[in-house]
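Asks: This is a predicted model, with the sequence first.
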Amino acid sequence: MEFDESLLIQRTNAAKLATGAEHKQRMTLHCQQCNTVLGDSLGVCGEITCMDAIVCIRVTNDVVISDAMESGHKDAMANCIYSSLICRGCRCAVGRVVHSAPSRLATVRSMFLLYKANISCYILNCCSMVKASTLTFDLKPLSESMNKVRKQFEAQLDQMSRIKSRLADRSLTSEFV
């Protein structure tokens, strides 16, 4: 998900390098302070550029949700109630989870927002650690994926209809024999 101040611009599903080259490799997300693993690319849903945060649907047990709830009064977090996310390894703040928010942030309620400035990414195929701030986590539009799946289902339905028709023809000819 990519947000421009308060509006959802687009939803996509593959992380991309900041250089614009498509990035389909798997990665792990680490605390930049102590290198504790906080999540991986399979849990990444996108990013919110105005907050400089990676949106994750899941994180590891090393991400602790603070008991204290805070309320935002300015910028992107205005009128939001959220809790801080803390790295279990070094107790560093690594993000937040929004509990209550205006409609402009409804899509990220109860999701984990990891601060890109506090996250490093280990790219598995390259065996290299890079700062999350050097990457973008854009997603392909959901409609493209849905259209592709719809076409696959239609092709399978056509094939099944042809098989059903052949079986029906065979059963009719075997009754006459």
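Replies: Yes, it's here.
Asks: Burial check on residue 82, number of neighbours?
Replies: For residue 82, the count of nearby residues is 23 (other C-beta atoms under 10 Å). C-betas here are computed from N, CA, C, even on glycine.
Asks: ok but it is inside a helix, no?
Replies: No: per DSSP: H, G, I helix; E, B strand; the rest coil, residue 82 lies outside any helix segment and is strand.
Asks: wait, what's in contact with it?
Replies: 69, 70, 71, 72, 96, 97, 98, 99, 101 (C-beta atoms under 8 Å, 6 or more residues apart in numbering).
Asks: measure residue 81 to residue 123 for me?
Replies: Counting by C-beta to C-beta, to the nearest Å, the gap from residue 81 to residue 123 is 35 Å.
Asks: So for the two, which sits in the more crowded spot?
Replies: Counting neighbours by other C-beta under 10 Å for residue 81 and for residue 123 shows that residue 123 has the greater number, 18 against 14.
Asks: partners of the more buried one in the sheet?
Replies: residue 27, residue 128 (DSSP bridges).
Asks: OK, contacts around the residue nearest to residue 53 when sequence neighbours are not counted?
Replies: Distances taken as C-beta to C-beta, 6 or more residues apart in numbering place residue 113 nearest to residue 53, at 4.1 Å, with adjacent residues excluded. Neighbour list for residue 113: 48, 51, 53, 54, 55, 56, 85, 95, 96, 97, 98 [criterion: C-beta under 8 Å, 6+ apart].
Asks: Let's see that with 7 Å instead.
Replies: Applying C-beta atoms under 7 Å, 6 or more residues apart in numbering, one finds that residue 113 lies in contact with 48, 51, 53, 55, 95, 96, 97, 98.
Asks: got the contact list for the fourth one?
Replies: Put plainly, it is residue 55. Applying C-beta under 7 Å, 6+ apart, the residues near residue 55 are 1, 45, 46, 47, 48, 108, 111, 113.
Asks: which of those has the weakest pLDDT?
Replies: Comparing pLDDT over the contacts of residue 55, the lowest score belongs to residue 1 (43).
Asks: could the contacts of residue 113 be laid out in CSV, adding secondary structure?
Replies: Shown next, in CSV, are the contacts of residue 113 (three-state DSSP):
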residue, secondary structure
48, strand
51, coil
53, strand
55, strand
95, strand
96, strand
97, strand
98, strand
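Asks: Quick one: which of the residues you listed is the most crowded by neighbours?
Replies: residue 95 (28 neighbours).
Asks: Can you tell me which of the contacts of residue 113 comes closest to residue 134?
Replies: Proximity of these to residue 134 (C-beta to C-beta) peaks at residue 53, which lies at 15.0 Å.
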